[in-house]
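K.L.:
predicted model follows, preceded by the sequence.
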Amino acid sequence: MKLMVLRIGNVDTEAVHSVLNGLSQAFPQMACSLSETVMPVPKEAYNQRRGQYHSSRIIAKMMGYVEKWDVDIVLGVTAFDLYVPGLNFVFGEAHSLGKVALISLFRLNPQFYGQSVDKQLFYERAVKEAVHEVGHTLGLGHCGNPSCVMFFSNSILDTDRKKSTFCEKCSVLVAGFVRNWGF
């Protein structure tokens, strides 16, 4: 199984490499790599009134990369603030059993919350959200276990509380997916 990380716009290189390493650890059966291509942020995704980018519109533009690169999953990483209608913001978005997922580093940075620079915390948060969204592409839903990476993060406190790994129940589901699909 192949997973490609796609930068969307100008993105912190170290954060992207942390995401790549974290995905390789969470999904050892996947060949995770970083695309040399940097996708421009689609202008039509920007909502001027909100000052944010509609994540579903970015995901729609990313779909072409799956076939172009002959990969199973493309994870987009951007530094722009994302939203979906009905929510103030999202850390990321993915379609269940889809091939494309997206995370934003914007609200994962401690400086967004008025805190001092903490690269380790920033990178840990990015890995958690990346693993979470890739989990959705594999068919996992949100988990009720607050320490599981698949727990829904309604705030950064939820992200900080959870681990970057799957709980026992979700681990079994991931293993079943891998076994059923022959990865």
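P.N.:
Structure's in. What do you need? Please read all numbers here as calculations on a predicted model, not as lab measurements.
K.L.:
the helix with the most length in the chain: what's the following helix or strand?
P.N.:
Ranked by residue count under DSSP state H, the longest helix found in the chain is helix 119-137. Scanning forward in sequence from helix 119-137 by DSSP states H and E, the next helix or strand is helix 156-161.
K.L.:
who are the contact partners of the residue sitting nearest the centre point of the chain?
P.N.:
Most central in the chain under CA atoms, centre = their mean is A130, positioned 3.1 Å from the mean C-alpha point. If a contact means CB atoms under 8 Å, 6 or more residues apart in numbering, then A130 has 19, 22-23, 75, 77, 92, 101, 103 as its contacts. No exception for glycine: its C-beta is placed from N, CA and C like everyone else's.
K.L.:
likewise for C167?
P.N.:
143, 145, 147-148, 150 are the contacts of C167 under CB under 8 Å, 6+ apart.
K.L.:
for stretch 88-100, which positions count as buried?
P.N.:
Going by neighbour count (16 or more other CB atoms under 10 Å), the buried part of stretch 88-100 is 90-94, 98-100.
K.L.:
mind putting these into JSON lines with pLDDT, distance to G139 and secondary structure?
P.N.:
As requested, the buried residues of stretch 88-100 are exported to JSON lines (pLDDT from 0 to 100; distance: CB to CB, whole Å; DSSP: H, G, I helix; E, B strand; the rest coil):
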{"residue": "V90", "pLDDT": "97", "distance to G139": "19", "secondary structure": "strand"}
{"residue": "F91", "pLDDT": "97", "distance to G139": "20", "secondary structure": "coil"}
{"residue": "G92", "pLDDT": "97", "distance to G139": "16", "secondary structure": "strand"}
{"residue": "E93", "pLDDT": "97", "distance to G139": "15", "secondary structure": "strand"}
{"residue": "A94", "pLDDT": "96", "distance to G139": "10", "secondary structure": "strand"}
{"residue": "G98", "pLDDT": "82", "distance to G139": "9", "secondary structure": "coil"}
{"residue": "K99", "pLDDT": "92", "distance to G139": "12", "secondary structure": "coil"}
{"residue": "V100", "pLDDT": "96", "distance to G139": "14", "secondary structure": "strand"}
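K.L.:
what is the nearest of those to L34?
P.N.:
Closest approach between the buried residues of stretch 88-100 and L34, by CB to CB: V100, at 16.0 Å.
K.L.:
name the nearest residue to the closest one, sequence neighbours excluded.
P.N.:
In space, and not counting its chain neighbours, V100 is closest to M62: 4.8 Å by CB to CB, 6 or more residues apart in numbering.
K.L.:
the one you found sits in which helix or strand?
P.N.:
Going by DSSP H and E, M62 is in helix 55-69.
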